[in-house]
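Participant: need coordinates for the below:
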Amino acid sequence: MLNKNSAILAFEDGSVFEGIAFGAKTTEVGEAVFNTSVTGYQEILTDPSYFGQIVTMTTPHIGNYGVNEEDIEADKPMVKGFVVKELSKVYSNWRATHSLGDYLKENGIPGIEGVDTRSITKKLRTAGAMKCCLSTEGLSKEEAVEKAKNWKGLEGVDYAKEVTCAEPYEFDPDFKLSETFALVGTTIQPKRLDKSEFTVAAIDFGAKKSIFKRLRYHGFKVQVFPATASAEEIKAIKPDGLFLSNGPGDPSPATYAHETVKELIKELPTFGICFGHQIITHAIGAKTYKLKFGHRGGNQPIKNLETGKVFVTAQNHGFASTKEEVEANDAIVTEINLNDDTVAGIRHKTLPVFSVQYHPEASPGPHDADFYFENFYKMIEEHQSEKS
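Facilitator: Coordinates of the predicted model:
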């Protein structure tokens with residue numbers, strides 16, 4: 001048995017890492033993944049796309065700027081556990097209200113530090129994402145390995161229903177939340193409502209708040225719907241466009257969403273990101289598959305095949321679209337991930353529908369892809385003029 005300050009991270013293959021406990025005293029099982037971002041650990045912890053996963057940060061020193069009340073992507077952390085090489089003993093930032101350790105403790109999330117995160121990352125890159133168990137309450141190695149082996153895994157499991165909103169609502173109608181997101185340096189950029197404000201129905205599969213803030217900033221009224229909303233419910237508000245958010249896990253079992261989106265894209269200009277991109281893939285008749293270890297971090301290179309331009313993006317996903325099936329179902333692949341040539345963007349040939357396999361609002365991450373929100377606005381504008 002480990003002592004009261006010890007923690008253990010055990011994998012389904014029987015390997016075990018022992019370290020120092022922080023956060024909550026508990027035991028969790030999940031999918032072991034790694035994130036290559038240098039900063040933005042708070043956004044990572046609260047991103048609903050990480051539901052069901054235990055995240056290892058490849059950057060060795062984590063927690064130095066603490067946790068604040070503004071940079072959260074959900075109301076609480078969504079990860080199952082957190083793995084770092086070294087937890088900062090102090091934090092310093094003018095907005096900070098908590099230390100990282102205290103924040104995880106308050107929210108029931110276990111953490112482990114003092115482990116070889118480079119070795120863990122290499123293991124996952126070689127063997128692929130694995131089932132694991134993180135315990136900070138004195139579990140034996142044998143018990144932890146057994147728990148890891150017995151976890152059901154992510155494939156075939158519908159997690160979108162677990163993290164979506166309970167009821168429809170309008171996001172930030174008075175623009176108070178989104179105004180702070182428009183900060184550039186110390187200057188607040190003016191709200192882009194010198195033009196018509198379009199209403200978008202945003203299906204929440206596990207959306208980050210920053211994505212909705214970015215939609216507001218770019219001139220949209222955002223009406224949010226649960227992942228299980230029907231096409232009739234969405235049509236009832238007479239939206240100008242449809243937005244499909246990010247979310248966790250496997251898109252294949254969310255057949256209710258496939259059918260809803262299949263019907264809606266016939267009538268509405270549509271923009272999907274990450275999980276939403278994968279839902280569009282299924283809606284047009286194509287398939288998705290599980291990646292070996294996924295793409296997670298703010299340094300993923302993307303190439304646009306139409307313009308030849310390369311830009312850096314923030315990503316967090318473990319599934320990808322099948323290129324051949326996308327192209328066989330009236331869509332074209334517009335972008336690829338330069339690390340492994342997987343599909344990173346698609347556009348329908350005849351419908352006003354496009355999607356990308358990343359987070360263009362970049363929280364955290366580079367802002368290279370922010371222009372897609374503007375492109376979405378222009379697409380709706382063009383669609384409106386064609387109807388009139």
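Participant: contacting residues for Cys133?
Facilitator: Ile8, Leu9, Ala10, Thr27, Glu28, Val29, Leu139, Ala144, Val145, Lys147, Ala148, Trp151 (Cβ atoms under 8 Å, 6 or more residues apart in numbering). For every residue, glycine as well, the C-beta is placed using N, CA and C.
Participant: over to Ile72?
Facilitator: Counted by Cβ under 8 Å, 6+ apart, Ile72 has contacts Gln42, Glu43, Thr46, Lys209.
Participant: turn the residues you listed into a markdown table, columns for pLDDT and distance to Asn246.
Facilitator: A markdown table is the format used below for the contacts of Ile72 (pLDDT from 0 to 100; distance: Cβ to Cβ, whole Å):
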| residue | pLDDT | distance to Asn246 |
| --- | --- | --- |
| Gln42 | 95 | 17 |
| Glu43 | 95 | 12 |
| Thr46 | 97 | 12 |
| Lys209 | 94 | 11 |
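Participant: low-confidence stretches in this protein?
Facilitator: Residue ranges of the chain with pLDDT under 70: 1-4, 179-196, 388.
Participant: which helix is the longest one in it?
Facilitator: Ranked by residue count under DSSP state H, the longest helix found in the chain is helix 371-387.
Participant: if we go by neighbour counts, what in it is buried?
Facilitator: The neighbour-count check on helix 371-387 (16 or more other Cβ atoms under 10 Å) flags Tyr372, Phe373, Phe376, Tyr377, Met379, Ile380, Glu381, His383 as buried.
Participant: closest to Val157 among those residues?
Facilitator: Proximity of the buried residues of helix 371-387 to Val157 was ranked by Cβ to Cβ; the top entry is Tyr372 with 29.1 Å.
Participant: what distance do you get for that closest one to Phe205?
Facilitator: 18 Å (Cβ to Cβ, to the nearest Å).
Participant: swap in Asn5?
Facilitator: 39 Å.
Participant: of these two, who's got more company?
Facilitator: Phe205 (30 against 10; other Cβ atoms under 10 Å).
Participant: just send the contacts of Ile72 back as CSV, with secondary structure too.
Facilitator: Shown next, in CSV, are the contacts of Ile72 (DSSP: H, G, I helix; E, B strand; the rest coil):
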residue, secondary structure
Gln42, helix
Glu43, helix
Thr46, coil
Lys209, helix
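Participant: for His367, state which of these is nearest.
Facilitator: Glu43 (13.8 Å).
Participant: distance of the closest one relative to Val90?
Facilitator: The value you get for Glu43 to Val90, if Cβ to Cβ is used, is 21 Å.
Participant: so these two - more neighbours on which side?
Facilitator: More crowded of Glu43 and Val90, by other Cβ under 10 Å: Glu43, with 24 against 8.
Participant: re the thing from before, present the buried residues of helix 371-387 as CSV; the columns should include distance to Met78.
Facilitator: As requested, these are exported to CSV (distance: Cβ to Cβ, whole Å):
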residue, distance to Met78
Tyr372, 24
Phe373, 24
Phe376, 26
Tyr377, 29
Met379, 31
Ile380, 30
Glu381, 35
His383, 34
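Participant: packing partners of the longest helix of the chain?
Facilitator: strand 198-204, helix 209-217, strand 241-244, strand 270-273, strand 353-356 (3 or more Cβ pairs under 8 Å, 6 or more residues apart in numbering; DSSP states H and E).
Participant: does the most centrally placed residue in the chain belong to a helix, a strand or coil?
Facilitator: What sits nearest the mean C-alpha location of the chain, by Cα atoms, centre = their mean, is Ser49, with 3.8 Å. What three-state DSSP gives for Ser49 is helix.
Participant: any idea how far it is from Gly66?
Facilitator: If you go by Cβ to Cβ, the gap between Ser49 and Gly66 works out to 23 Å.
Participant: equivalent analysis for Cys165, please.
Facilitator: Here the criterion is Cβ to Cβ. By it, Cys165 lies 28 Å from Gly66.
Participant: got the buried residues for the longest strand along the chain?
Facilitator: In the chain, with assignment by DSSP state E, the single longest strand is strand 288-304. Going by neighbour count (16+ other Cβ under 10 Å), the buried part of strand 288-304 is Thr288, Lys290, Leu291, Phe293, Gly294, His295, Arg296, Gly297, Gly298, Gln300, Ile302, Lys303.
Participant: what sits against the fifth one?
Facilitator: By Cβ under 8 Å, 6+ apart, Gly294 lies in contact with Val33, Ala129, Asn316, His317, Gly318, Phe319.
Participant: considering those residues, which possesses the most neighbours?
Facilitator: In the contacts of Gly294, the most neighbours by other Cβ under 10 Å go to Asn316, 29 neighbours.
Participant: so that one bridges to which residues?
Facilitator: For Asn316, the beta-bridge partners are Arg296 (DSSP bridges).
Participant: now do the contacts for it.
Facilitator: With contact taken as Cβ under 8 Å, 6+ apart, Asn316 is in contact with Asn35, Ile44, Asp47, Ser49, Tyr50, Asn246, Cys274, Gly294, His295, Arg296, His359.
Participant: want to try TSV for those, with distance to Tyr256 as columns?
Facilitator: As requested, the contacts of Asn316 are exported to TSV (distance: Cβ to Cβ, whole Å):
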residue	distance to Tyr256
Asn35	30
Ile44	28
Asp47	23
Ser49	19
Tyr50	23
Asn246	18
Cys274	18
Gly294	24
His295	26
Arg296	27
His359	24
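Participant: circling back to that earlier point, Asp116: which of the contacts of Gly294 is nearest?
Facilitator: Lowest distance from Asp116 to the contacts of Gly294 (Cβ to Cβ) belongs to Val33, with 16.5 Å.
Participant: quick one, helices of this structure?
Facilitator: Secondary structure of the chain, counting by DSSP H: helices at 41-45, 100-106, 117-127, 141-150, 160-163, 176-181, 209-217, 231-235, 255-264, 275-283, 323-327, 371-387.
Participant: for the ones you listed, which one sits closest to Gly345?
Facilitator: helix 275-283 (7.7 Å).
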